[in-house]
Every structure is written in C-alpha cells, then in structure tokens.
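Engineer: Starting from these lines, generate the structure:
(chains A, B, C and D)
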4 protein chains.
Amino acid sequence: MKLVHDPIHGYIELDEFTRRLVDTPEFQRLRRITQLGFAFLAYPSARHTRFEHSLGTFHLAKKIRTHNPEIEEGALYAALLHDIGHYPFSHTLEGLYPRHEENTLWVIENGSVGDVIRENYSTQEFKKLLKHPIVSGDIDADRMDYLVRDAYYTGAAYGVVDLERLVRNLNFDGKMLVVEEKGIMAAQNLLLSRAMMYPTVYFHHTAKIAEAMLRKAVELEETPLEEIRLMDEIDLVSRLRSSEKREVRELIRAIDDRRLYKRAYCSNKELDEKAVSELEEALQDEFGHSALLDYPPKPKYEERNAFVRIGGETKRLSEVSPLVRSLVEMKDVYWRWCIYAREEARDEVKHFIGRFF
Amino acid sequence: MKLVHDPIHGYIELDEFTRRLVDTPEFQRLRRITQLGFAFLAYPSARHTRFEHSLGTFHLAKKIRTHNPEIEEGALYAALLHDIGHYPFSHTLEGLYPRHEENTLWVIENGSVGDVIRENYSTQEFKKLLKHPIVSGDIDADRMDYLVRDAYYTGAAYGVVDLERLVRNLNFDGKMLVVEEKGIMAAQNLLLSRAMMYPTVYFHHTAKIAEAMLRKAVELEETPLEEIRLMDEIDLVSRLRSSEKREVRELIRAIDDRRLYKRAYCSNKELDEKAVSELEEALQDEFGHSALLDYPPKPKYEERNAFVRIGGETKRLSEVSPLVRSLVEMKDVYWRWCIYAREEARDEVKHFIGRFF
Amino acid sequence: MKLVHDPIHGYIELDEFTRRLVDTPEFQRLRRITQLGFAFLAYPSARHTRFEHSLGTFHLAKKIRTHNPEIEEGALYAALLHDIGHYPFSHTLEGLYPRHEENTLWVIENGSVGDVIRENYSTQEFKKLLKHPIVSGDIDADRMDYLVRDAYYTGAAYGVVDLERLVRNLNFDGKMLVVEEKGIMAAQNLLLSRAMMYPTVYFHHTAKIAEAMLRKAVELEETPLEEIRLMDEIDLVSRLRSSEKREVRELIRAIDDRRLYKRAYCSNKELDEKAVSELEEALQDEFGHSALLDYPPKPKYEERNAFVRIGGETKRLSEVSPLVRSLVEMKDVYWRWCIYAREEARDEVKHFIGRFF
Amino acid sequence: MKLVHDPIHGYIELDEFTRRLVDTPEFQRLRRITQLGFAFLAYPSARHTRFEHSLGTFHLAKKIRTHNPEIEEGALYAALLHDIGHYPFSHTLEGLYPRHEENTLWVIENGSVGDVIRENYSTQEFKKLLKHPIVSGDIDADRMDYLVRDAYYTGAAYGVVDLERLVRNLNFDGKMLVVEEKGIMAAQNLLLSRAMMYPTVYFHHTAKIAEAMLRKAVELEETPLEEIRLMDEIDLVSRLRSSEKREVRELIRAIDDRRLYKRAYCSNKELDEKAVSELEEALQDEFGHSALLDYPPKPKYEERNAFVRIGGETKRLSEVSPLVRSLVEMKDVYWRWCIYAREEARDEVKHFIGRFF
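Structural biologist: Numbering: from 1, shown residues only, chains lettered A, B, ... in the order given. Okay, here's the model as predicted:
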C-alpha cells in the first residue's frame, strides 16, 4: 500500500495494481498537463495538474464505492485513467483535435498503461467502465474532485463543497448514482459551485485569450494528431518556440511573456455556423494571426442528469430545485463570444468589425 | 490600539472609543448569548456568541469604510452594537417579546453603553446610524460576518464567501451600498450561501424543537419584559431550572438533557391567523405543554434590496441574476410548520391532528 | 449509526452503544463545560466545550484502533468518557477539589452513564480502561484532539498537527502506543505544538487571572464537593451571582463584566510550600479577596513517555529528538507565579510585596 | 492598482511600478521555475512556482513596511526580485553554476527588468537593497512566504505560522528586523517550522534523487552558464530530451517517467573534501552515470541572526529560546549523504562501496 500526500484529501492510498498504473509513462505524463490550461495567467497559483486530479478522482470513487460495494472495482481504475488522454493545456486544443475522451481510448489501446489494464480487463470492458456514472455523471467523483481542488489552488471561494456529506449520500441503483435526501443540499451546492466557477475561473477572459493564441499557434504549426496524442506541455511549447514559422514563434513568445491579445469585440448574439466561418475567414484574410475569433459553443443544460431520491421516488434534481433550474439561465447570462486582437491591431479590428455588426 | 484575535478575520483592531464600548457590562453580556440559539444541539461546535460576531461585524464595516471614506464613522459603532439587544438564545424568544432591534434601542437608551455612545452621538443620531446600510442592508457587514462565522463553527460548507472581493467592490453611493461589477459573483454567492444555510443550519429541526420548548417554558414562567431585557443565558436557564412550576422545570431539564420533543406533524400548507390560533388553543387544551405548534412566518423576498452597478447603471441584483431570483422559490420549497410533541404523546397528537387535516 | 458533524473531523460516527452513552445527562452536561475555562476572555472565539472534545477523542481513538485492531473496544468508551468528571470551567477548580480524573470515577460509579457502561464492563474494568494509553499517554487521542481543536477555535497557529500521519503511524505493542519512524516528525510536532500552546493560550495571563478570581469566589462560597461534582457552568455562576456573601457576588460580577484584577507582582523564583502559604495568608490578612496569589506547580517533564520505533528498537522520543529534549527547558522559561490585585489595590499590594522580595 | 488573487494572502496589490517589473519576460519566466524543484515527485501537489512566491514575498514586505515606514521603498522591489536569478528547478543546479543570488545580479544588470529598476535605482543601490534584512534575514518576508506557501501546496502541517502576529511584531531598528516580545512565539514557530520542513519536504529523498539525476544530466550535457542563466524548465528539459548524448536522454526520460535511482548507501559520517572527490571519481570510473554521489554541505546554524527585544534589550533569539538552540542539533540528526544508483546497478554499487566503508 503506497500513500500519496494530498492537501485536499489528506492521504490517498494506492494498492499494488493502481500503483502500477500510476507508474506508467502515460500516467506520469499527466504531471506535465496543467489542470486548468492558462488559468494560471489570471490565478497564478493554479498550477495543479491532471496527475493530482486523477489520483483525487480515484480516491473519491473508492470512497463512494465503500458505501456502494456493488459498484464494480474496475470503475475505480476508470476513475483513475479518465483523463489520461488530455492534450497539453487540457481543453485548450480540443477544437483542433478529437475530444480528449477519444484520445483516452487511443492511449488505453496503444500505451503501456493499456497493457497493465488488460491484465484484468479487455479493452472493450474498460471502454464501458470509462462511462460508469461514478466518473461520467453530473454528480460524480470527477466533478467533486476538480471543483474542490480548483477552489483550493485558485483561492476562489466558489468551489467549496461538503464532499463527505455528498459521498455518504450517493446511492448506486445499478444504473446511476442517486443522491439521497440528506445529500440534496450538498448536491445543489456542487452544481452551483460549478456554475460560479465557470465565469470566474474556467472562462476567465485572460485564460481564454491565451488559449485562443495557443490554438492559433498550434493550428499554424500543423502538428499532426499522431504527435500531439502523447505530447506533454514541454514538448509542445518547445516545439512552438523553435518553429520555422515566425508567427508561431511570435505567438508562443507572447504567451510566455504574458503580452496577451486584447478583447476587440464581444457579443452575446448567437451566430449560425455559416456566419461564424465567414467571420473567421474575413478576419484571417484581413489580419492573419493578429485577430482571433473565439466562438464557444452555447452552454447546454448539463445538470439534467442529476437524480435525487425524495420521499421514496427518484426525481431529477432540476425538478425539485429552483436553484438548479436557474443554472441554465445563468449560463446564458454569462455566455458570449469575442474577437481578440494584438494590442496594436485592436482599433483597426474594432473598426473592421463595425462593418459586420 | 487593542488587538483581538479572531479565527475568521485574524486580528481585529479596537481603538480607544471602541474598547470602552466593548468594556461595558451590556457588551460583555453578549459573550453569554449564543449566536445560533440551539443549533449546537445539531452542530455541537456551534458555540460561538454574539460577542465575536459583533466584533467581526465592526471589523468588516471598518474595511468597507476604508474603501468608502465618506461613510460616517458612527456607522462603525452601530455595526458594533447592532445586536446588543439580543435576548438569551438569540432569535428564540422574539415571538414572546419585542424584536431584538427594539431591545437594542432600549439598551442604548438605558444602559451604560449608551452613556459612552452619548459622548459623541445623541440617542436620535445613533438610532439613525443603526439603520445604516453598512449594517442593515441585504449585503452588509452583519451578514458577511455571520455567514462565514457560522460556516466556520458548524463546519457547514455553505457559508464560504470571498469577503475580501466583496468588501473591495462595495461602493457607498450616499444612500446605499452598491456592488460593483467585479463583486457580483461574490454577492450572489453571499445570498446563495445564506439561502443554503437556512434549511441546513438555521432551521435545522433539532434546533427548532428545542427553541419551541424553551419558548413554551419562558411563556409559562411569565418572565416580564423588564427582566428579560438584560438577562444572559445563565440568568434565564437558572431561573427556569428553579421555577416554581413543574412544567417549566421539566421543559428546561429536557432541553438540558437533550430529551427533545419529536415531530408529530409537519405541513407546508398555509394557515390563516385564525386557524393558527385555534390550532394552538386546541393543542393547549388537549395536551398542555406536551404538544407545541411551531408556525414560522412565510419567508419574504428579502434579497430585493441588493443593488449592483452594471454597465454604468444601478440595478437590483435580482434583476440580473437568475440565481438570486430562484431564492424566493427555494425558500418556499423549504418552508413548513410543525407540531412537536413529547415522545410519549406523539401518537396521540398525530391522531388528534388527523381530525383537523 | 448516528452522524455528528464536526469542523475538525468532518463526520463522527456514533454506534448505538456510544449514542446511549452520549444521551445520558452526565454526558450532555459536558456541553456546558467550556473546554478552555476562561481562555475566551483572551480568545473570544474559544467557546468550544468538553462535549465536542470528548466526541473528537472517541473518533480519533477509533481511527487508531482501525490500525491496531488488538486494542480492546472498551478503550473507545474510555476515550469518550475520560473527561466526564470535569468541573465547571475545566481545570480552574482543581486546586479546591479532587482532580477531575477522580470525579470521573465518581460519575461512572454514581451516574446513569455508569449504568450504561456496566451493561458491558464492570466498574473495575472500566477504571482500568480509563488508563489505557490510547487516552492517557503522552501521545494519545486526547491530546491529538484538543490541540487541533483548540488551535481551530482560538485561531492560534501553534496547534496544527498532521493527525492522519500520526494516527497511521501509532502502533500498539500490547502495553503502549509506539510511534513508527514515519510518524516521528508528526509526533515531535504534537509535543512542540502543545508546548507552544501553553504560554500563548492555556496560561494566557488574562485567563489565569479570571481563574484565580473564580477560584477565590468558589472558595469563599464554600460549595461542598457533593454539589460541585455534577454542576454545570450555569449552576455554578448563578449560584455565585446569588450568593449571600458580598465578596462572592463582587467577584463573579467582575468576571462577567471583564473587570479583571491586574498583575501586581510576578516572579519565576521558586518558593517552598511554607513560603507559599505564608505569603497567601499575609495577603489574605492584609487585602482579603482583593489580592490573589497564583502559584502554579512547576512544570514536569511530561513528554518522557512518548516512545518511538527506530531501526527496530523502541526508544524514548526525548532520546532521539533534541527538540523534545528542549521542551523541559522551555517550560522553565515560561513558568512563573503572580499576585493579582484589584486595580485600586494594585499599588498598595506592590508596596506590600516589596517587604517580602 | 492591479490585484492578484492568491490563496495564501487573499489579494496582492500591485502598484504601477511593480506591475511593470512583473510584466518583464524575466519575471514572467519565474512562472516556469518550480518553487520546490522535484518535491512534486513526493508531494504531487507541490507545483507552485517562484512567480507566486515572489509576489507573496513582496506583499509581506509591504505589510512589514506599513508597520515600519522608515524602511526604504526600494526594499519592496528587492523583495519582489530576490529570486529572479533562480535556475530551472530552483536550487537543483546550484552545485554546477554560481549560486542563484549571483545570477540575480546578472539578470538585473542585463535583463529588461533591470532597465525598469534603473529608472529609480542605480544597479549599485539595488544590489545593496537585495541584502536588506526584509528579504535576506533569518526572519524575513522571504521565509515567511515560502514556509506558509510550501505547507499549503504540499499539505504538510509543519509550515503553519501566524504571519500576521509576526508581521505586527517586527521592528526595524535601522539595521535589522527585531522581533518584539509579543512576536517571539511566532518567531520561534517560524524557525521550528522551517526545521521540520527540511527533512520532510525540502530534503525528501525522492526529490533529492531526482535532483541528483538532473544535475548529472546537465553536467553531461555541458550547458554553458550563458545559456542556463535565463532558461526556464521547458528550455532545459526539452534540450536534455533532444540531447545528442544517450546518457542524458536516458536520465531525463527516467525522471519524466519517475523511474528513479535507489539509495544504494547512506551515511552521516563526515568526509573531507578530498575523500568526497575521490569517492566521486571512483564511482564515475566504475559506474558512469549509473551511480551518483550526493554529499550535501553540513547544515550551518543559520538561525543565529534572529534577534528579539526582551525587557528593553535586544538579544539573539537562540539565547532566550531553548527550542531554537536545539535546531542545530536537530539538523545534525537529519544530515546525511547518499549514493544513488540505477535499480539494476544497486547491488553492485553496494558491494563496491563496501570496499570504502
């Protein structure tokens, strides 16, 4: 039994099989994948990585399973490995490459961590385990860990959740994790905390700008998927720094030195797909990499699948909680798209945009 | 300059005038008035008192004033003394006697703390200061202190608020405290935290039952207002323990030993005033002090008066925040009235109630 | 299984037998015995009670036992009840009455809590359990709980200990709890923290003065042991407030209003027993209750019995740790006795003392 | 005024001049210099960087100056920049290159951060400011920040210090910072905490092994000082990964994958300089980079220069505190040197060492 010291959970116990998974190069790579991408440019202390988060998710999954022994053990390893496919700077590059969940499957199939897994589970079995509600539900070990962890490392007050109460009141009914009556307030708090972390931390405009800049650099560099799959942040950044393309070098140097683009235009008006790509092209033609469109997808009502047990009945949490119902509206309030531009080009971009809107 | 050590705020500085206010018997009495009444029966660690809370409120008011030097100094002393009229066990006895705000005025007029105040402020001036938005608004030093403090002492995760961000973003416009744009999320969080503390801590049924029991004991004891005004909890409890009435002694002994009444009936159906008093009388006639009706007032939409500054305009927070709008609904969800009964009488009471509903 | 929410340990689980012990009047009385006596006059937030501490000690004992299943279950109940004999304001009155450990035995023998105990243990067996190293060693569940708890409630930074590391590295060898190598630093930290809490919190002069004043009031009141045994703080204070003796009423009123005596003279020069009682008498003759001698016992080297396992050998921690060895010296540095006097009498007392030293 | 959010200090305020220093490439580089080198291999959460620590040190220095307005303002910028010369992985490479303090001078002289400084201070003046006791004493802003920060990020309980008490009780006498009587316990605690962090965190054997491996890789790579001066960790690691030397690539890959060398031999026996280099050569000849000697300097009594004010006299803290005196001894207890070896070579190395000791 190996113990890992963690400021969030105290000590995390790793049994022998888990330890072997952790000791693979693919899992160790997570030490070099920042949990929150470029959030550290706004919250300098947010330097935690997918490594700690993965251990924490495993730990919480194990605690949930203590109260629900009928959950299969394999779900714990799925909890441990659910993020193993993340690219450098976490979600930043997901617009350019397949979502990290797909890359996770690729890593399991092709990495040495998959060899360890296959001593006990077929690839098919494990793919199914990765969808287990303990790690891919609306109230699951993954969210529970990252919210509390992100709050701790950013110093934001919004991610504080009574994990123990929630864990003790999650009941696996064979298909999903249902929150018992005594855990409803903690569950509401989890979803609310998440909703408050989005605008303040996850979508902080400073981080969004740096992410758009990095995305553009990687796009220009045309790094093929095969190479990006197992890159860590050192690989990616050093490659961009030594790129043959001046624009790429400029972009990464600007990120390194925190000379970030500025918001030239922001709007909460929805555009259809065609309008988005036309705008993107127009900007590209006129300004090259000096102006970047960041049009994030409209938020979805992701909290629909949180279920609670009330008076003997299983209901959607959104059905019984006015607070949770208000979250969709809240997301709308905070959603918007922006055009970022190099400081010197900002006025020109503003002017140019005036023609469209 | 005197320093008081406080786990919430670090050090609280008391200037000479404040120190003299603190050193009066009326203020020292607050050390013996529990902040949360009988919440400690559900959260054993919630033993903090109005004393610490009053110092903390003063401290936060001072910080708000640092950012808004046009606030008059007297408002700080109002913050310090706003709770000086609380009766034993805080809000518990407010049904039987005038609200604590009225008693605060009485104490200022009659206590030695008032003599100190009147060195600098007339009673009339000070009465007005007690209504200053810094201590009697929807987002004020009072709420900011008690939420964070109550969370710390109960261990509940719901009252965690980024006080510094809020304080730095409160702007006094001459009439009220308006939240600047950068503080909106923290302000929402304050109101949400409060809404979540209500059902979990402030209205925890265990505390509510003990409060109803104490109220009945005090009612039976017929302690006159003049005596209750400056009683501390030691005075009150020892008086009830040595009451000449057996029922009073029984009730306080049951509270002391935590042999609490049980919920015999609860409902969220509204009753009109007449129905409430008829029910109360019927219970009294049939069961004496063995059955207690606890019909709390329907929650009001108290958050209406939180104002924010957005894009140069002052708006109600409820106007811009779907989360805050949902709070009224939330309160409805949690509101209910109950009949508590001695364990041995519970079945009989249930049966009896069946005749009414 | 009942759960108690606690800010230190999260949730404390009470099995049925424990719950019945907790539900006795003697245990509930601990809710009205302040953990730190009058420390709240210096640290206003230190309002926690022996009740929470007793539950916390039980909880830690249970965790230690998880790693050492050979420890008998009864030791857990001893951990729960080890403080049940504390008098009002904890150690304050121990100079006037037998030590609280003796009163604990009396309560077990005579209280209803003893009846519950005797369903499973004879009084003799239980007396032995009360000396179990899990609750009466130099590194035990009692100290571990109170240090961390006192630090939390006072806000002092000195009592922070890595409880989990310590718990995981305590090994019961059949006779005592031995600290494994990996826990040595945490064990040193526990003893150091305690040593630093003494002068800053436990022996804070404000608390010591109030304690001396209360002791004098109780002495003058001549409350017999039989009555004090089961008194709570409400009983004692209300009795003193309504004493027939003016001096007693004056003393308790001064404590209530925090009009404390001042230090008239302090010294670290040791006196023999005779000198102490002569000084006490002289003061009594000259000043009555207006001057109080507080001559605390010289500190003992209590840390002698902390044992560690190093390289296969069991050694005294003091043998391997220079830090722990320095603790005795440190205590000497901070030890001293004082004479406290009513403010108006201070100069006279100083003058009077000048004749002796 | 720019605000930076920090989990340790809440908000850190940056005035315009400070902001311009922070916005230089040399200061932004600190975001990519891990505060604790490879400690994250033992404490995965210890991912904080010299960037946050530098801001925190600046913040504390400013607070100390609030209480000591006679301290020159320039000392604050020295506090901000005191670590700007750190090489990748902080202290790791200091054996191969000049100490980081020298590199700090070089950066000030040659970097754009120096240009900003020279708007207000000559290089000579600033060199002197870098030795100001506020940032280079035994009790200074630097230590105060890193201890509390390292404790927060590792989760270790040993670095908890009452910063506010200490700050309020530091008095600058024109030459040095002297601790006032009320701050002595906090000062002792600072030095003790540091002493306890050494063996548990700073000198954790896992980190020491990785550091020795990196040192060897850099030594083999023969990176010239001119290049290392301004490298960040990305530069260094990517250079080692793409080295032309197989041994270098092996070493860095092993660190990345956490396939660390093992302790083959450890001893607390002192060796003279000659013996050390002979041993090093012998190992090199026999095992090449497969065996590494790590002979750290014997600890010095660094706490000598902490001064306190007691009864009107300035004394060394070590003179009045037995605890602080015991720290030297403690360091001796934990000091030792080791030989680390590739797992496969360990037995052979052990055997080989047997010939020497």
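Engineer: Is there proximity between the helix or strand bottoming out on mean pLDDT in chain A and chain B?
Structural biologist: Least confident helix or strand of chain A, by mean pLDDT, DSSP states H and E, is helix A:322-334 with a mean of 87. Yes: judged by C-beta under 8 Å from any C-beta of the partner chain, helix A:322-334 comes into contact with chain B at A:322-323, A:325-327, A:329-330, A:333. For the C-beta atoms, the positions are set from N, CA and C on the backbone; glycine is no exception.
Engineer: which pair in the residues you listed spans the largest distance?
Structural biologist: Using C-beta to C-beta, the residues of helix A:322-334 next to chain B span at most 16.3 Å, a distance reached by A:322 and A:333.
Engineer: Can you pick out the residue with more neighbours from these two?
Structural biologist: Taking neighbours as other C-beta atoms under 10 Å in any protein chain shown, residue A:322 and residue A:333 compare with residue A:322 leading, 19 against 15.
Engineer: quick revisit: now for the least confident helix or strand of chain A, which elements pack on it?
Structural biologist: Contacts defined by 3 or more C-beta pairs under 8 Å, 6 or more residues apart in numbering or on different chains; DSSP states H and E place helix A:322-334 against helix A:184-197, helix A:317-320, helix B:322-334.
Engineer: picking up where we left off before, so how do I select the buried members of the residues of helix A:322-334 next to chain B in ChimeraX?
Structural biologist: Buried residues among these (16 or more other C-beta atoms under 10 Å in any protein chain shown), as a ChimeraX selection:
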select /A:322,323,325,326,327,330
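Engineer: Including distance to residue A:232, could the residues of helix A:322-334 next to chain B go into CSV?
Structural biologist: Listed next are those as CSV, based on distance: C-beta to C-beta, whole Å:
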residue, distance to residue A:232
A:322, 44
A:323, 39
A:325, 41
A:326, 40
A:327, 34
A:329, 39
A:330, 35
A:333, 36
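Engineer: Just the closest of the residues of helix A:322-334 next to chain B to chain C, please.
Structural biologist: Nearest to chain C among those: residue A:323, at 21.9 Å, using C-beta to the nearest C-beta.
Engineer: List the residues that contact the closest one.
Structural biologist: The contact partners of residue A:323, by C-beta atoms under 8 Å, 6 or more residues apart in numbering or on different chains, come to A:188, A:192, B:192, B:195, B:323, B:326-327, B:330.
Engineer: could you check the angle helix B:184-197 makes with the least confident helix or strand of chain A?
Structural biologist: 170 degrees (axes from the mean of the first three to the mean of the last three C-alpha atoms, to 10 degrees).
Engineer: Enumerate the residues of the stretch 101-250 of chain A near chain C.
Structural biologist: A:164-165, A:168.
Engineer: Among those, which ones are in strands?
Structural biologist: The strands in this structure, assigned by DSSP state E, contain none of these.
Engineer: Would you check which of the residues you listed are in contact with chain B?
Structural biologist: Applying C-beta under 8 Å from any C-beta to these, one finds that residue A:165 fall near chain B.
Engineer: what's the closest of the residues of the stretch 101-250 of chain A next to chain C to residue D:183?
Structural biologist: Using C-beta to C-beta, residue A:164 is the member of those that sits closest to residue D:183, with 37.0 Å.
Engineer: show me the residues around the closest one that make contact.
Structural biologist: By C-beta under 8 Å, 6+ apart, the neighbours of residue A:164 are C:10-11.
Engineer: go on, the one 4 residues further on?
Structural biologist: Taking C-beta under 8 Å, 6+ apart as the contact definition, residue A:168 lies against A:67, A:182-183, C:3, C:11.
Engineer: Over to residue A:91?
Structural biologist: A:37, A:100 are the contacts of residue A:91 under C-beta under 8 Å, 6+ apart.
Engineer: Same check on residue A:216?
Structural biologist: A:251, A:289, A:292.
Engineer: Before we go further, it is sitting in a helix, right?
Structural biologist: Yes: the assignment for residue A:216, made by DSSP: H, G, I helix; E, B strand; the rest coil, places it in a helix.
Engineer: What does the pLDDT read for it?
Structural biologist: pLDDT, residue A:216: 97.
Engineer: Give me the distance between it and residue A:292.
Structural biologist: Applying C-beta to C-beta, to the nearest Å, the value for residue A:216 to residue A:292 is 6 Å.
Engineer: Is chain D within reach of stretch A:101-113?
Structural biologist: No: on the criterion C-beta under 8 Å from any C-beta, stretch A:101-113 is out of touch with chain D, staying 9.9 Å away.
Engineer: isn't residue A:172 right next to residue A:72, touching?
Structural biologist: No: contact criterion C-beta atoms under 8 Å: residue A:172 and residue A:72 do not qualify, at 10.2 Å.
Engineer: These two - which one has more neighbours?
Structural biologist: Legend: neighbour count by other C-beta under 10 Å for residue A:172 and residue A:72, higher for residue A:172 (19 against 15).
Engineer: Quick check: bridge partners of that one?
Structural biologist: residue A:177 (DSSP bridges).
Engineer: residue contacts, it?
Structural biologist: The contact partners of residue A:172, by C-beta under 8 Å, 6+ apart, come to A:64, A:68, A:70-71, A:133-134, A:178.
Engineer: Out of those, which is nearest to chain B?
Structural biologist: Distances from chain B to those, taken by C-beta to the nearest C-beta, are shortest for residue A:64, at 17.7 Å.
Engineer: tell me the secondary structure for the residue of the stretch 201-350 of chain A found nearest chain C?
Structural biologist: Going by C-beta to the nearest C-beta, chain C is nearest to residue A:309 of the stretch 201-350 of chain A, at 17.7 Å. Following three-state DSSP, residue A:309 is assigned to strand.
Engineer: What degree of burial does it show, as a neighbour count?
Structural biologist: Neighbours of residue A:309 (other C-beta under 10 Å): 18.
Engineer: Can you name the residues bridging to it?
Structural biologist: For residue A:309, the beta-bridge partners are residue A:314 (DSSP bridges).
Engineer: Around chain B, which positions in the stretch 151-300 of chain A sit nearby?
Structural biologist: Checking the stretch 151-300 of chain A against chain B by C-beta under 8 Å from any C-beta, the hits are A:156-158, A:160-162, A:165, A:185-186, A:188-189, A:192, A:195-196, A:199-200.
Engineer: 6 Å instead?
Structural biologist: A:157, A:160-162, A:185, A:196, A:200 (C-beta under 6 Å from any C-beta of the partner chain).
Engineer: The residues you listed: which two are farthest apart?
Structural biologist: Greatest spacing in these, by C-beta to C-beta: A:185 and A:200 (21.9 Å).
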